[in-house]
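K.L.:
Coordinates for the following, if possible.
(chains A and B)
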Amino acid sequence: MKKAFRIFFYVISALYPILVFALLVVFKLPLKLLSLCIIALAAALFVSVSAKKKEKSLEWKPLATSVLFFLAGLLCFLTNESIFLKLYPVAINLILLVFFGSTLIYAPNMIFRFATLADKSIKGSFHEKKVENYCRKVTCAWCIFFIFNGTVAILTVFADKIFGITPENADKVWSLYNGGISYILMGFLFAAEFIVRKFVDKKMTKVFPLTKFKASSRAKEAVVCYDGKWSDGVFKTWGDFLRDTAKMRKFLESRSTDSYILHCGDFWYFGVTFTALLQCQKAVHLTQNISENFLAEALLPGMELLTDAEVQNSLYVPEIIEKSEEHSKEEIEKTPEINGETTRIFLFTSGSTGKPKAVPQRMKEFEEDNAFIISKWLDKISERKFVSTVSQHHIFGFLFGFSLPFATGTPFRRKRIEFPEEFETLDDEKYLIVATPAFLKRTVEMEEKLNMRDPWLFTSGGAVSPELAVKTDKVFGIYPLEVYGSTETSGIAYRMQDKDGLTWTPFDNAKIWLGDDGCLRIISPYIKDPAGFATADMAEMLENGKFLLKGRSDSIVKIEEKRISLTEVENRLLESGLVEDVKVIALSNDIRQYLAAALVLNEKGKAEFSGKEKYAINKYFHDFLMHYFENTVIPKKWRFLDKLPTDIQGKKHKEEIAALFEVK
Amino acid sequence: MEELKQEIKKVIISSLELEDIKPEDIVDSEPLFGEGLGLDSIDALELGVALKKKFGIKFSSDNAENRKHFASVDALAEYIAASRETQNKE
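P.N.:
This is a model prediction of the structure:
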């Protein structure tokens, strides 16, 4: 009954202008009687609304309407002037203008409030800000409409006086506009906004990180991965992604293994396998190194290797994906949820103890890292295609080469760029390049100005020298956006040298200060230790919270962006059983940084190498270290001595060792 | 061809500032990278630059092809000789 009455009332208030016109002009109802009717109607509505619920606060909309009607009716009754009845639409527009307009000052705006009520997924999503901005524009549009509509409504109220027409015709004009045209205009505005919204929605980048995507997150034909260059048109789509992950999932479910090592040079196979592993809640160890010796140490009992390289006793990913049968639609669209806090991901780093160390990581922190990049540079990202020179098995390559483009739905290249010449082919599209400074350095030496269209560059894993930054601009047409961070800290700060010079700006979510040793201390969502992480990077803090880097301080050095512990290399050399004493130092020449080793052979070593050429001895130790390290960080220069220079305390000083390698 | 190989070896040694090694220590057919001569990926790029300067040749934008050319001194010599020939024809 109450409901029926309310519907009746809403119909009345919508048709109000026509009713007033009909009763007043057509049926010649006395104004006093009509105003009494309206007062009665208002009272009835007021009673129905205020009596409705005791516990909840009163609904303001029907209440305000009833008060307005009541006032209109009362004033009209007292003055016997129909004008007060006719001012109702004006008042409505004014009130709506105040309500909508005030939310432009006191956020969130009105339309955004409606939108978040209708779609709960907007709140807390990456595109929330964009949606809010759009809604703000829509709110503005409605405000302008209310101003316009209200103004015209006023004009129609006084139509007889302004346009000099008969009161009767004026009443017609008033009801025609307020009871008809104004609704039609409103309808038009609704329709136009609906069309614009569909268009904007399509253009808006929706962010779905690995832990939040569903089968419906993207269109089936949306491109995830491309081969060669973009315009070759060799694509893997979202539909392919769902299909292939289902295949990999089924394969993993058929095995009892809980812990896997993953190495796929192909970004597609990598992404599919990685996702399926997390969906099946398996432990994943990422490694770029799949040499026999490394695997002998890293593959613990019960673990298996998933790879697209030809390695004995491994599970060959391309075969699993390409050869296994297709699964049901239901299975394909299942997408088991990935919990960012319980994922078991391990990245290998060379700890100073000797053995390759698997450092546990979680998707939660990876995605927080991505989130900052997305919040800052989504526009740059979403209009480009990703191409990486960095292995996705390293943290920087993983974060920027896979998890970032996956989250933003930006297509990424299946193959890593390994030679600078490959950039020459990328002249067909806007690309976003993920590279290390080392790779940039070689590229600017090899290449003239590249014919690339408005590229964007992310670099990490070492600072770009001012000279390299300028050269990069010459060759690529843009300065690299440098991200400062490491496996332990993830991204911490950024700079772009054409704007920032050498000054680093910390990420919004990172807290940075200097320790007693002059090195940076960092707290960020990524760092689990509440005391923060102590880096080995010396720095100078600036007044505005930004900082300058001043070099590294300890026995861990970076050779072409690869972290290497000098202690570890020394320990390995001692393990050879041929060495009595050793000191490894980092040196550099015009070309590069490299390690150099000064050795004292023990008795066994001396016997082993007696009469051999030095080159052969060098080669022996080089090949020995190849079992444990990547080629880049193995000492390039060797000295064999009877005794290493030490001070009185027996301490070996870098300077004295370095002197051994000076070219005479 | 032998002369070219000698030259390549000299470029390898001088451009990468290799120590303790004479051109005759480098075996023509042995792999340059990894276990053989033990060069690394940075050396590869550096060597590319040096060979480009010395012989005026250009490497391909195709990754697999480059790997072939850089496999050994033999492969490099073959590639350089071939690209010189095409240049002469033009």
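K.L.:
contacts for the helix or strand hosting residue A:659?
P.N.:
Of the helices and strands defined by DSSP states H and E, residue A:659 is found in helix A:654-660. By Cβ atoms under 8 Å, 6 or more residues apart in numbering or on different chains, the residues outside helix A:654-660 that reach it are A:583, A:585, A:587, A:596, A:598, A:639, A:641, A:644-645. Placement of C-beta: from N, CA and C, glycine included.
K.L.:
Now with 6 Å, please.
P.N.:
A:583, A:585, A:598, A:639, A:645 (Cβ atoms under 6 Å, 6 or more residues apart in numbering or on different chains).
K.L.:
now swap in stretch B:50-58 and tell me
P.N.:
By Cβ under 6 Å, 6+ apart, the list of residues contacting stretch B:50-58 from outside reads B:11, B:15, B:80, B:83.
K.L.:
Now do the buried residues in it.
P.N.:
Buried residues in stretch B:50-58, defined by neighbour count with 16 or more other Cβ atoms under 10 Å in any protein chain shown: B:50-51, B:55, B:57.
K.L.:
Quickly name whichever of those is closest to residue B:3.
P.N.:
Within these, proximity to residue B:3 (Cβ to Cβ) peaks at residue B:55, which comes in at 12.5 Å.
K.L.:
ok, is the longest helix anywhere in chain B in contact with chain A or not?
P.N.:
Among all segments of chain B classified by DSSP state H, the helix with the greatest residue count is helix B:73-89. No - judged by Cβ under 6 Å from any Cβ of the partner chain, helix B:73-89 makes no contact with chain A; its nearest approach is 13.6 Å.
K.L.:
Okay, now the unreliable bits of chain B?
P.N.:
Confidence mapping of chain B against pLDDT under 70 gives the ranges B:89-90.
K.L.:
what do you get if the cut-off is 90, keeping everything else the same?
P.N.:
Segments of chain B classed as low confidence (criterion: pLDDT under 90) are B:1-4, B:13-72, B:79-90.
K.L.:
Closest to the mean position in it, which residue would that be?
P.N.:
Averaging the C-alpha coordinates of chain B gives a centre point, and the residue nearest to it by Cα atoms, centre = their mean is residue B:76 (4.5 Å).
K.L.:
now chain A
P.N.:
Within chain A, one residue has its C-alpha closest to the average C-alpha position: by Cα atoms, centre = their mean, that is residue A:374, at 3.5 Å.
K.L.:
How much space separates that one from residue A:278?
P.N.:
Remark: distance between residue A:374 and residue A:278 (Cβ to Cβ, to the nearest Å) = 20 Å.
K.L.:
hmm, back to that, are any of the contacts of helix A:654-660 buried, and if so which?
P.N.:
Neighbour counting by 16+ other Cβ under 10 Å classes A:583, A:585, A:598, A:639 among the contacts of helix A:654-660 as buried.
K.L.:
So for the closest residue to residue A:157 other than its chain neighbours, what's the pLDDT?
P.N.:
With Cβ to Cβ, 6 or more residues apart in numbering or on different chains as the criterion, residue A:157 has its nearest non-adjacent residue at 4.6 Å, and that residue is residue A:86. Per-residue confidence (pLDDT) for residue A:86: 81.
K.L.:
Could you do the one 3 residues further on as well?
P.N.:
Predicted confidence (pLDDT) at residue A:89: the value is 84.
K.L.:
which of the buried ones among the contacts of helix A:654-660 are close to chain B?
P.N.:
Of those, not one also sits near chain B (Cβ under 6 Å from any Cβ).
K.L.:
So the residue nearest to residue A:157 is in contact with residue A:159, correct?
P.N.:
No - with contacts defined as Cβ atoms under 6 Å, residue A:86 does not count as touching residue A:159, sitting 9.5 Å away.
K.L.:
related to what we said a few turns ago, of all the contacts of stretch B:50-58, which two lie farthest apart?
P.N.:
Using Cβ to Cβ, those reach their maximum pairwise distance at B:15 and B:83, which is 18.6 Å.
K.L.:
Could you tell me the end-to-end distance of stretch A:425-440?
P.N.:
In terms of Cα to Cα, to the nearest Å, the two terminal residues of stretch A:425-440 are separated by 17 Å.
K.L.:
scratch that, stretch A:581-596 is what I was asking about
P.N.:
Chord length of stretch A:581-596, first to last residue, is 14 Å (Cα to Cα).
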